[in-house]
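**Student:** structure for this input, please:
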Amino acid sequence: MSDKPKHFLDIADHSTAEIEAMLAHGKALKARRVKGQLGDYLPLLGKKIAVVFQQPSLRTRMSFDVGINELGAHVLMVSGDEIELGHRESIADTARVMSRYVDAIMIRMLSHHELLELAHYAEVPVINGLTKKSHPCQVMADVLTFEERKGSVRGRTIAWSGDSNNVLASWVHMAAKLDVTLKVATPEQLSPPKALVDWAAANKVDLRLTHDPDEAVDGADCVITDSWVSMGDGDKEYRHNLLRPYQVDQKLMARAKKDAIFMHCLPAKRGEEVAPEVIDGPQSAVWDEAENRLHAQKAVLVWALNAPK
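**Tutor:** Model (predicted):
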């Protein structure tokens with residue numbers, strides 16, 4: 001291919017205009033689906049998209065599978081065990097071969113370095129479905145969810161309580177694009193990595209770090225948390241001991257604005273990172289958030305493949 005493929009690897013890689021255009025299209029795609037107009041818009045008809053998973057998945061797998069089908073394309077589901085990425089042959093060779101078969105590759109893997117290597121050698125768009133470092137598709141869905149509930153995210157305050165992880169990293173990237181204030185409470189031992197904090201400073205992100213969840217949540221428009229133990233994490237008991245004070249319960253939510261919403265990318269463990277009365281309560285937006293993975297990712301696919309809107 002002569003043209004450089006349009007990868008979606010990190011929100012940080014894209015302009016504000018690109019991010020806003022994808023978000024706007026995601027909203028339009030959702031509205032079209034609600035109206036039952038899916039068959040009127042098949043911009044990826046005849047395309048073939050590989051969906052590769054090195055880790056188990058519910059939301060990523062189903063949302064991409066359904067979304068690709070709704071756009072008119074054909075899905076090729078591939079497990080990490082099937083291709084043994086980086087073991088049976090080089091990542092570069094795998095990228096070159098897959099590029100001859102499909103029009104795009106979505107991959108969910110832990111190694112961000114290997115994702116970048118795959119994208120470097122691929123001749124078709126590569127979409128980051130999750131790595132240990134970032135989770136851009138999730139945060140695109142998060143913004144869709146916030147704006148459905150509360151209007152524009154610009155100038156709003158998002159609070160994070162818990163571990164510093166891949167979703168938080170993508171929220172830092174999004175904060176730079178959409179002028180969001182991000183207040184983050186973590187244990188000192190699980191603070192955001194220096195490279196991410198330095199990136200935020202260089203990109204003028206209003207990032208406020210603390211070890212006090214009450215301070216982070218005070219006056220927030222949205223409170224977000226995530227699982228205390230993610231794929232690839234060890235030392236479960238150690239992490240639980242550190243993170244117990246960061247549980248999002250009703251007392252902590254009460255420090256946010258009265259109309260604040262709660263988000264969590266799921267899967268959630270009730271009684272650990274979030275109390276049941278919060279995730280199952282009236283401020284919870286987690287089910288809309290899960291659905292919006294579908295609409296956000298459809299918009300990303302259309303953008304990556306230069307399909308008509």
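
**Student:** and the helices in this structure?
**Tutor:** Assigned by DSSP state H, the helices in the chain fall at 16-34, 59-70, 80-83, 91-101, 112-121, 136-150, 166-178, 194-202, 213-217, 236-243, 250-253, 276-279, 286-304.

**Student:** export stretch 75-92 as CSV, just CAs?
**Tutor:** Backbone C-alpha positions of stretch 75-92 (Å, rounded to 0.1, in the frame of the first residue of the first chain) are rendered in CSV as follows:
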residue,chain,number,x,y,z
VAL,A,75,-15.0,-10.5,11.3
LEU,A,76,-12.1,-12.9,11.6
MET,A,77,-11.8,-13.9,15.2
VAL,A,78,-8.2,-15.0,16.2
SER,A,79,-6.9,-16.1,19.6
GLY,A,80,-3.4,-15.4,20.7
ASP,A,81,-2.8,-19.1,21.1
GLU,A,82,-3.6,-19.6,17.4
ILE,A,83,-1.0,-17.2,16.1
GLU,A,84,1.5,-17.3,19.0
LEU,A,85,2.4,-13.7,18.3
GLY,A,86,6.1,-13.0,18.5
HIS,A,87,6.9,-16.7,19.1
ARG,A,88,6.2,-18.8,16.1
GLU,A,89,7.4,-16.0,13.8
SER,A,90,8.4,-12.4,14.3
ILE,A,91,5.8,-9.8,14.9
ALA,A,92,6.9,-8.0,11.8
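
**Student:** what are the buried residues along it?
**Tutor:** By 16 or more other Cβ atoms under 10 Å, the buried positions in stretch 75-92 come out as 75, 78, 80, 83, 85-86, 91. Bear in mind the C-beta positions are built from the backbone N, C-alpha and C, glycine included.

**Student:** for that stretch, what is the average pLDDT?
**Tutor:** For stretch 75-92, the mean per-residue pLDDT is 88.

**Student:** what residues does it touch?
**Tutor:** The contact list for stretch 75-92, computed with Cβ atoms under 8 Å, 6 or more residues apart in numbering, reads 48-55, 61, 64-65, 68-69, 94, 101-102, 109, 114, 117-118, 120-121.

**Student:** selecting buried members of those residues in ChimeraX, what would you type?
**Tutor:** Selection of buried members from the contacts of stretch 75-92 for ChimeraX, criterion 16+ other Cβ under 10 Å:
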select :49,50,51,52,53,54,55,61,64,65,68,94,102,109,114,117,118,121
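
**Student:** show me where this protein dips below the pLDDT cut-off.
**Tutor:** Counting by pLDDT under 70, the chain shows low-confidence ranges at 1-2, 231-234.

**Student:** could you redo the last one with a cut-off of 50?
**Tutor:** For the chain, residues meeting the criterion pLDDT under 50 lie at 1-2.

**Student:** which ones are touching the residue positioned nearest the centre of it?
**Tutor:** The centroid of the chain falls nearest to Q138 when counting by Cα atoms, centre = their mean (2.0 Å). Residues in contact with Q138 (Cβ under 8 Å, 6+ apart) are 130, 167, 170, 265, 293.

**Student:** by neighbour count, which of those wins?
**Tutor:** Among the contacts of Q138, the one with the most neighbours (other Cβ atoms under 10 Å) is L130, at 29 neighbours.

**Student:** tabulate the contacts of Q138 (a markdown table), appending distance to K150.
**Tutor:** Converted to a markdown table, the contacts of Q138 look like this (distance: Cβ to Cβ, whole Å):
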| residue | distance to K150 |
| --- | --- |
| L130 | 26 |
| V167 | 19 |
| S170 | 19 |
| C265 | 18 |
| R293 | 19 |
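
**Student:** which among these gets closest to A28?
**Tutor:** For the contacts of Q138, the residue nearest A28 by Cβ to Cβ is R293; the value is 16.3 Å.

**Student:** pretty sure the closest one contacts S57?
**Tutor:** No: the criterion here is Cβ atoms under 8 Å, and R293 misses it with S57 at 10.8 Å.
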